[in-house]
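In: Give me coordinates for this.
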Amino acid sequence: QVQLVESGGGLVQAGGSLRLSCAASGRTGMRYVMGWFRQAPRKEREFVAVISWSGSIDYADSVKGRFTISRDNAKNTVYLQMNSLKPEDTAVYYCAAGVSRIMMDYWGKGTLVTVSS
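Out: Just a heads-up that it's a prediction; the model follows:
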């Protein structure tokens, strides 16, 4: 089992920045793909970004050029730097770990990001 704990959410004005962190514990010896997903009010959860153990990265089109995902394998932590935030980025952001972007086995409880206009 892997436990994931997100932090760094909060309230920010449009155009501002936030940095989310996700700390993994437990069975972290596996070389999991780590990702961020989000769920806005009254919407389905959607993919945001993913990073492999070796550093291969993919982003949703809606965040390309504004968000940056990174990981520190020694610290078992993945980050999401979010710049130029927009009101439509408002959502609960979830960290996930698994064998691929579409096969995430472990999920955190989420951290709320609110972007005011």
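
In: residue boundaries of the strands in this structure?
Out: 2-7, 10-13, 18-26, 33-39, 46-51, 57-59, 67-72, 77-82, 91-100, 103-107, 111-116 (DSSP state E).

In: In this protein, where is pLDDT below threshold?
Out: Applying pLDDT under 70 to the chain flags residues 29.

In: May I have the beta-bridge partners of the residue nearest to the spatial centre of the chain?
Out: The residue lying closest to the centre of the chain (Cα atoms, centre = their mean) is Trp36, at 2.6 Å. For Trp36, the beta-bridge partners are Ala49, Cys95 (DSSP bridges).

In: and what of Thr114?
Out: For Thr114, the beta-bridge partners under DSSP bridges are Leu11.

In: shouldn't it be in contact with Gly10?
Out: Yes: counting by Cβ atoms under 8 Å, Gly10 is a contact partner of Thr114 at 7.3 Å. C-beta: built from backbone N, CA, C; applies to glycine.

In: Which one of those two is surrounded by more residues?
Out: The residue with more neighbours, out of Thr114 and Gly10, is Thr114; 15 against 12, by other Cβ atoms under 10 Å.

In: how close does the residue nearest to Val48 when sequence neighbours are not counted get to Arg19?
Out: Counting by Cβ to Cβ, 6 or more residues apart in numbering, Trp36 is the residue found nearest to Val48 once chain neighbours are left out, at 4.3 Å. Distance, Trp36 to Arg19, using Cβ to Cβ, to the nearest Å: 12 Å.

In: so what sits against both of the two?
Out: Counting by Cβ atoms under 8 Å, 6 or more residues apart in numbering, the residues touching both Trp36 and Arg19 are Leu80.
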